[in-house]
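Student: Okay, structure incoming, though there's no sequence with it:
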Ligand SMILES: Cc1cc2nc3c(=O)[nH]c(=O)nc-3n(C[C@H](O)[C@H](O)[C@H](O)COP(=O)(O)O)c2cc1C
Ligand code: SF4
Ligand code: FES
C-alpha cells in the first residue's frame, strides 16, 4: 500500500515551518493593544447600531433572524450569524459586523471580540474561498509543511483563495491533507497531485475526487460487514 | 480480533439513513427499553457498565449523569463534537457514517439526565459532517423520534446542531458552553461545575460523541455484559485514531487492555521501511510521550496512568527514529501557543516562551541551561491555570525533555556549532563596503 507509506520532503527539517497564522502580538510582546496607543477618551463608545441608519440586506437579515429564533437564547446565534455575514462579504469587515450587531441588538465591539477569537472567522480582508492545509504534528510528519509551501507557490496570485496553514483538522488518517472550502482531501503527496489540486482550486472544480475523505472506507479490518 | 460494537457495519452503504440504521436494530427495542426504565435505574445501569468518558478525562459517564439535580427545571445535554485534540479523528468517522447512533445515544442520555434540550457542538471545520448530522436529525424528527412526546412516551427532546468556528479550547467543556452561548470560548472557573450551572446557567450534562454513541449498545447488551469487555476499570471497546509514521493510519475499534504493540504494529503496520518507533503520544498531543521501550504496555486507562501518561482521547501518534525530538516539541508547543485562550498568564506566556526557547535551540542560540529553564517554565504552568490547556503543553514537552535530554543537548551543541560556522563564514566573505545601487523599478 504505497499511499500509506510515510513520505517526507527531506531527511531533516520537515517539521520546521510554522505555517500557522501567528497570533498577533504587539511590540511589547503582549496580545492586548493599549500599551503604545493611549485610549481616545473623547470618543463615544459604539452602542447598538440604530436600525434606521444601518442598512442590512434582506437576505442576510432573514438568515440571522432565523438563527436567532432557533436557540433558547438568541445570543447563541452569534457565530452562525457572523459566519453568514462572512459568507456574504468574504470576511467579517467592520460593516459586516455592524450589520450583524444591528440585527442581533448587540454592540459591534462585542461581536468583533467574538469574531477575533475564532480561527475560521476572518477579521482582515482575505480571499473568500478558504483552503486550509493542516500543519499539525501528524500531517507534518508526513510532509505537510512542504505541501503548504508548494500550494503557496502555485496559488499566491489568486486573490479569491484564502490559503493558510491550520491546526489539526481531525483527519490525520489522510495526512498530509487539505480542506478545500470544507471538502477534505488527502493524502496529497506527489508533485503532480499537488499541481492538479492547485489547478482544481483555481478553476473551482471538485478537488481530487478520488482522494476525498467521504469516500474513504474505515481502516479497521473487522469493520467490514 | 476485538469485538466490534461501534464499528460493526460502519461501512454499510446507506447506514447514515434512518431505514438502514433501523434495519440494523437502531431506535428499536433497546430504545423503548431505555425509555421505559425509571430514570434512576437507567443511571444505575450506565454506572454499572463502567463506561468512562471517551473525550479525554475518562470520568464515569453514569456518575456524571447522576450529578444533575432532580426536579422540574430546564436541563441540557450537550454533545462535545469539537474533536480538536491533535491526532484525534474518531468522532468524525462515527458522525459521518452513523449519525443516528449518536442521536439514539443522546435520546437515552437526555432521558437519564432529565434534559429536554440538547445540542451537538461540532467543530466548524467539520462542515460535511454537520450537514450529515442535520439531515439525520430531520429524518429522526419526521419519524417522531425527536420532538414532543417522542415515540409516544412522555419524553420530549429538541436537538440542535451548533457549529463552532475553529478554536481548540472550545473542546474544553466550559469553554464550549460559553461558545455555545455566543461568546468568546474562554473556560470558566470551576466550581460551579456544568452539572449544576452549565448552559444558560442550567444543569448540563456534557459528553463526548463516542461516549454517547455507546449508550444504545450498553442498553442492548445489558450493563453487566458490556462490563465484561475490556479490563477492570477500563470496560468496553474504544475507538483508536492512529496516525503519524505508521503504514495504515486510521480508526480502529479495540478492546481496552489490548497490547499497545498489537495496535501499533499489528493493526497499523508500524513505521515500516525498517524504521522503529522512537516515541509515541498515547492519547493525543496533550499526553506525555512514551518511547519504544513502552510498546508492551496494555492500552487502557489505568495502565497509561501508571506509566505517567494518559489514554486521553485514544489518539496514538507515532514518531519514528528518523525524526528529531526538537522538531516534534516545537510543533507541539506552537499548537498550544496558538490555541491558548489567553485568560491565564502562566498558560498564555508560558506557551509563548516555550516556543521561543525551542526556536532558540533550533537557531543555535541556546545553551543546555535553557533546558532547565524550559522545564521550570513547564513546571510553573502545571496546576496554575483555569483549565488544563496549559498543562496539556507542559506535560508532553516536559516528558520529551526528560526522556530525550541527551538528544536535546546534542542538538543544542550541533546547532551552536553550525551557527558559529555561519557567522564566521559571513564575516570573512562579507564585502567591506556595499556599493549602493538604486534599484530600477
Ligand atoms: C483543552 C481541552 C480540550 C478538549 N477537547 C475536547 C474535545 O475536542 N472533545 C471532547 O470530547 N472532549 C474534549 N475535552 C474534554 C472535555 O472537557 C470533557 O471532559 C469531555 O467532553 C467530557 O466528555 P466525556 O466524559 O464523555 O469524555 C477537552 C478538554 C480540554 C481541557
Ligand atoms: S489555561 Fe490557557 S486555555 Fe485554559 S483558561 Fe487559562 S489561558 Fe485559557
Ligand atoms: S495533524 Fe493534520 S489533520 Fe490532524
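Tutor: Here it is on my side, so go on. These numbers were taken from a predicted model, which means no experiment stands behind them. Residues are numbered from 1 along each chain as shown, chains lettered A, B, ... in the order given. Ligands and ions are numbered 1, 2, ... in the order given.
Student: tell me, which strand in chain B spans the most residues?
Tutor: Criterion DSSP state E: the longest strand present in chain B is strand B:237-244.
Student: What is the distance between it and the centre of its chain?
Tutor: For strand B:237-244, the distance from its own C-alpha centre to the chain's C-alpha centre is 11 Å (C-alpha atoms, centre = their mean, to the nearest Å).
Student: what packs against the helix or strand that comes right after it?
Tutor: Moving toward the C-terminus from strand B:237-244, the first helix or strand encountered (DSSP states H and E) is strand B:250-255. Using 3 or more C-beta pairs under 8 Å, 6 or more residues apart in numbering or on different chains; DSSP states H and E as the contact definition, the elements that strand B:250-255 packs against are strand B:237-244. From N, CA and C alone the C-beta is placed, and that goes for glycine too.
Student: is the strand it packs on anywhere near chain A?
Tutor: Yes: counting by C-beta under 8 Å from any C-beta of the partner chain, chain A is contacted by strand B:237-244 at B:241, B:243, B:244.
Student: Count the residues that sit near the last one.
Tutor: Neighbourhood size, residue B:244 [other C-beta atoms under 10 Å in any protein chain shown]: 29.
Student: Run through the bridge partners of it.
Tutor: Bridge pairing for residue B:244 (DSSP bridges) gives the partners residue B:318.
Student: ok, now how distant is it from residue A:94?
Tutor: 42 Å (C-beta to C-beta, to the nearest Å).
Student: Check the first one too.
Tutor: Counting by C-beta to C-beta, the gap between residue B:241 and residue A:94 amounts to 40 Å.
Student: out of the two, which sits in the busier spot?
Tutor: The neighbour count for residue B:241 versus residue A:94, taken as other C-beta under 10 Å, is higher for residue B:241 (29 against 11).
Student: Does that one touch residue B:88 like I think?
Tutor: Yes: under the criterion of C-beta atoms under 8 Å, residue B:241 lies in contact with residue B:88, with a separation of 5.3 Å.
Student: Mind listing the shared neighbours of those two?
Tutor: Between them, residue B:241 and residue B:88 have A:172, B:313, B:314, B:315 as joint contacts when contacts are counted by C-beta atoms under 8 Å, 6 or more residues apart in numbering or on different chains.
Student: out of the residues you listed, which are inside strands?
Tutor: Judged by DSSP E, the subset of those located in strands is residue B:315.
Student: With neighbour count, pLDDT and distance to ligand 2 added, can I get the shared contacts of residue B:241 and residue B:88 in a markdown table?
Tutor: Listed next are the shared contacts of residue B:241 and residue B:88 as a markdown table, based on neighbours: other C-beta atoms under 10 Å in any protein chain shown; pLDDT from 0 to 100; distance: C-beta to the nearest ligand atom, whole Å:
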| residue | neighbour count | pLDDT | distance to ligand 2 |
| --- | --- | --- | --- |
| A:172 | 29 | 98 | 22 |
| B:313 | 32 | 96 | 17 |
| B:314 | 27 | 97 | 22 |
| B:315 | 32 | 98 | 19 |
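Student: Mind telling me the two of the shared contacts of residue B:241 and residue B:88 farthest from one another?
Tutor: In terms of C-beta to C-beta, those reach their longest pairwise distance at A:172 and B:314, which sit 12.8 Å apart.
Student: shared neighbours of the two, which are they?
Tutor: The contact sets of residue A:172 and residue B:314 overlap at B:88, B:241 (C-beta under 8 Å, 6+ apart).
Student: Which residue ranges of chain A form helices?
Tutor: With DSSP state H as the criterion, chain A has helices at A:58-70, A:78-89, A:94-104, A:108-117, A:137-141, A:144-155, A:191-203.
Student: Could you identify which of these is most buried?
Tutor: Of the helices of chain A, the one with the most neighbours on average (mean count of other C-beta atoms under 10 Å in any protein chain shown) is helix A:137-141, at a mean of 31.
Student: Report whether that helix contacts ligand 3.
Tutor: Yes: using C-beta under 6 Å from any ligand atom, helix A:137-141 reaches ligand 3 at A:137, A:138, A:139.
Student: pretty sure the second one is in contact with residue B:317, am I right?
Tutor: Yes: contact between residue A:138 and residue B:317 holds when scored by C-beta under 8 Å: they sit 5.5 Å apart.
Student: Surely residue B:202 is in contact with residue B:72?
Tutor: No: using C-beta under 8 Å as the test, residue B:202 is too far from residue B:72 to be in contact (11.8 Å).
Student: With neighbour numbers in mind, choose between the two.
Tutor: In this comparison of residue B:202 against residue B:72, neighbours counted by other C-beta under 10 Å, the higher total goes to residue B:202 at 18 against 6.
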